[in-house]
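Visitor: Turn this into a model:
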Amino acid sequence: MLRQFFGHRETQRNDEPRLFYGEPVLVHNAEGRKSLGWRADLQAGRHTVLFVRCFRSKLLFKKTNHHGGENTMTKHTAFIRLHPLDDVLIARQQLVGGTSVENITVRGLIPAGHKLATRDLQTGDTVRRYNQIIGFASRNIQAGEHVHVHNCTLGDDKGSFQRDYAFCTEAPAAPAKKTASFMGYRRSNGQVATRNYIGILSSVNCSATVARGIADFFSRRSNPDALRGFPNIDGVVALTHGTGCGMDHSGLGMQLLRRTLTGYARHANFAGVLVVGLGCETNQIAAWLDHSHLSEGPLLRTFNIQDSGGTAKTIAKGIQLIQEMLPVANDNERENCDLSHLTIGLQCGGSDGYSGISANPALGAAVDMVVAHGGTAILSETPEIYGAEHLLTRRAVSRDVGEKLIERIRWWENYTAINGGEMDNNPSPGNKAGGLTTILEKSLGAVAKGGTTALRAVYEYAEPVVDHGFVFMDTPGYDPVSATGQVAGGANLICFTTGRGSAFGCAPSPSLKLATNSALWQRQQEDIDINCGEIIDGECSIEAMGERIFEMMIQTASGQASKSELHGYGQSEFVPWQVGAVM
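Guide: Model (predicted):
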C-alpha cells in the first residue's frame, strides 16, 4: 500500500543540497505517465525542492522558487542513487579519491558503473542496491570505499538465504487493451512471421558440413543469382549443432534437442524446412518426426547422407529440394497483422553496472507496451534471475505459476552442485569489470527487462509458448543457448541488452541490440541498434526510451534489417542446450 510520504530532516549547510526520502508514491513523470517513486524534501538556500526519483523517468525536480513559480529540471550528478535505503551509490563517471558525493569522501578510484559505500559496513553486514540484498561485506568497508569482489560476496550460505516469495501478492490487473499492427507474413496455420526464410536443420553434427554446403549455394553474397528471382525470401540458412549422437536416446539431452528442432521446424519465420541427417545417429529423423507429430510434405523434406551417395550428391540433392520450395515460399507477401502476433525473446549479455538502470528497465517499459497490445514477452536465463526470483513470484497470476518458477531455481541449484559449480560462477569476468559484483546484483538488474505486468506462465526449455503476455522460460544464462530456446518456443524477435558489447544474431528471428551506456555506443555503433546510455547521460527518460524501443520493434518486425542481420549473424548462434553425459 502506498502511503503519504513523510520527511526526515537533518542539519546541513545551505550551499550543500541534500535529499531526505520518505515512502513510495505514485507520481506523474515528464511525459505525464504514472510511475513509482519516492518523495523527499530538499532544501538549499531560499529554495524548497520536491524530489521524485522514478524507476522509469529521469531524476526530476519540481522546484518552487522564491517567486512562487514552478519549473522542472533534470539532475546531472557524478553518481546515481537507486533507492534511499541503499548502501551503495553507482558512479556515473570515474570518481577519484578525495571527491565528495552526498557528503561522503571517495576513498580511492571508483570506475564508471561501479559502486561506492554510502556508510560504514561491518563484516557480515548485508549490502543493498535497489533496496535488495546484493551480497554481504566480506570485511569491514568504510563509507566512500569501492564495493566490489574484494569486499562483497554471497556470504557463507552462497546466496541461499531465506526469501519471501509472497506468491501472487503483487500480480497487477491486465493493462487496458490497445491495438497496433505490423507488416508480417501470415501463414496458412494462423501463425504470423517477421521474416520469410527457408531453413536447413541438421539432425546430428555429422551432417553439419553438408547442411552448410547446401545453404552456401543460396548465399546472396557468394552466389547472388540463386535467389535473384525470389525477392520475398530473406534467405536460406543452415542451423547446425554439435550433438545428436553419443547420448541417451531417451534422456533429458535428447528431449531438449528434439524439442528444439521441432520448435524450429514449426517456426513461423520458416516458409520451408529441410532436415539433413547422416543415417546412423542416435537422433534418428524418423523417430524425431514421430515424436514431434510432424510429417513430410512439400515444405518439410528430410533425407540422409548415407542414403544419398556421399557428400557431393547429398549437397546437390539438398539444393534441388530447396529450389522446389522457392516458388512457394516467394508467394508469401507482407500484410497488416495485429501486434498480438509479436513474441519477443528478452536477452542480456555482457551486462555491466548500468544494465539494471538504463537498457533493462527501458526494455521493460517497451515490454509493458507489447503486453498491452496483446503480444508476448519471454524472460529467460534462469541462473541470471537467481536472487531476484521473489520479485517475479509476487507477480505470478497463480501460486502454481510461482511454484513452477521456484522449482526451476531448485533444479539449477542441484544441477550446478552435482557438476562442481555454484550459482555465483555467474557473473562473468566481463560483468565484473563492468561493475557487477555478485549474481544477486546481476539478477536484480536483469529482471527489469520483464517490465511490470503479471507473470502468466513458466515454460521449460524450448516448449511452445502459447500464453500471451509476460512469461518465463527456463534456460541457461549463456545467450546463444538461451535465445535458441526462446526462438524454438516461438519468439519471432529478440531484444538483447549489453553493457560490455555484443555481436549477436539469431536466425530466423531478427535481433535488436541495446547499449546500456554511451561509451559502448560510440565504440560499437555498427553492431548496436539503440543507445540506452542516453538515460544515464540524463538526456532521455526510461519511458521515452521504451517508446523508441517499441517503435523499433514494430519497424524490425515489419522488415527493417537489424544491425546483426546486415552483418550476416544468426546461423552460427544456433546452440541447443546440451545436458547429460556424452558417451
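
Visitor: Please count neighbours and contacts with C-alpha atoms only from this point.
Guide: Fine.

Visitor: what about the residue lying closest to G375 once chain neighbours are set aside, which SS state?
Guide: Once flanking residues are discounted, G375 sits nearest to S340: 4.0 Å by CA to CA, 6 or more residues apart in numbering. S340 falls in the helix class when you classify it by DSSP: H, G, I helix; E, B strand; the rest coil.

Visitor: G251 is in contact with N283, correct?
Guide: No: the pair N283 / G251 is not scored as a contact, 11.5 Å apart, by CA atoms under 8 Å.

Visitor: The residue nearest to G375 and A377, how far apart?
Guide: 11 Å (CA to CA, to the nearest Å).

Visitor: so what sits against both of those two?
Guide: Residues touching both S340 and A377 by CA atoms under 8 Å, 6 or more residues apart in numbering: 370, 468.

Visitor: Which one's more surrounded, these two?
Guide: The residue with more neighbours, out of S340 and A377, is A377; 31 against 21, by other CA atoms under 10 Å.

Visitor: before we move on, the earlier item: for the residue nearest to G375, which residues are in contact?
Guide: 370, 373-376, 468.

Visitor: now Q284
Guide: When contacts are taken as CA under 8 Å, 6+ apart, Q284 is in contact with 203, 277.

Visitor: Show me the shaky parts of this structure.
Guide: 1-76, 158-161 (pLDDT under 70).

Visitor: Grab the nearest non-local neighbour of S443.
Guide: Counting by CA to CA, 6+ apart, S443 lies nearest to I385, which is 4.4 Å off, once chain neighbours are set aside.

Visitor: if I look at that neighbour, how far off is L392?
Guide: Relative to L392, and taking CA to CA, I385 is found at 9 Å.

Visitor: before we move on, back to that, the residue nearest to S443 and A448 touch, don't they?
Guide: No: applying CA under 8 Å as the test, I385 and A448 come out as separate, 10.0 Å apart.

Visitor: before we move on, back to that, quick one, which of N283 and G251 is more surrounded?
Guide: N283 (24 against 12).

Visitor: would you list every one of the helices in this protein?
Guide: 208-217, 252-265, 285-292, 311-330, 359-372, 389-393, 399-418, 429-433, 439-446, 479-488, 518-523, 533-536, 542-557, 563-567 (DSSP state H).

Visitor: Need the residues that contact the fifth one.
Guide: The one in question is helix 359-372. 55-56, 174-178, 339-340, 342, 376-377, 445-453, 468-470, 495, 497-498, 514-516, 532-533, 542-543, 545-547, 549-550.

Visitor: what do you get if the cut-off is 6 Å, keeping everything else the same?
Guide: 175, 177-178, 448-451, 469, 516, 532, 542, 545-546, 550 (CA atoms under 6 Å, 6 or more residues apart in numbering).

Visitor: about what we covered before: what's the closest of the contacts of S340 to Q571?
Guide: The shortest approach to Q571 among those belongs to T376, at 24.2 Å (CA to CA).

Visitor: I'd assumed F472 was in contact with the closest one.
Guide: No: counting by CA atoms under 6 Å, T376 does not reach F472; the two are 10.4 Å apart.

Visitor: Would you quantify the distance from the closest residue in space to G246 that isn't next to it in sequence to R259?
Guide: Leaving aside its chain neighbours, G246 sits nearest to M583 (4.7 Å; criterion: CA to CA, 6+ apart). Between M583 and R259 the computed distance is 21 Å (CA to CA).
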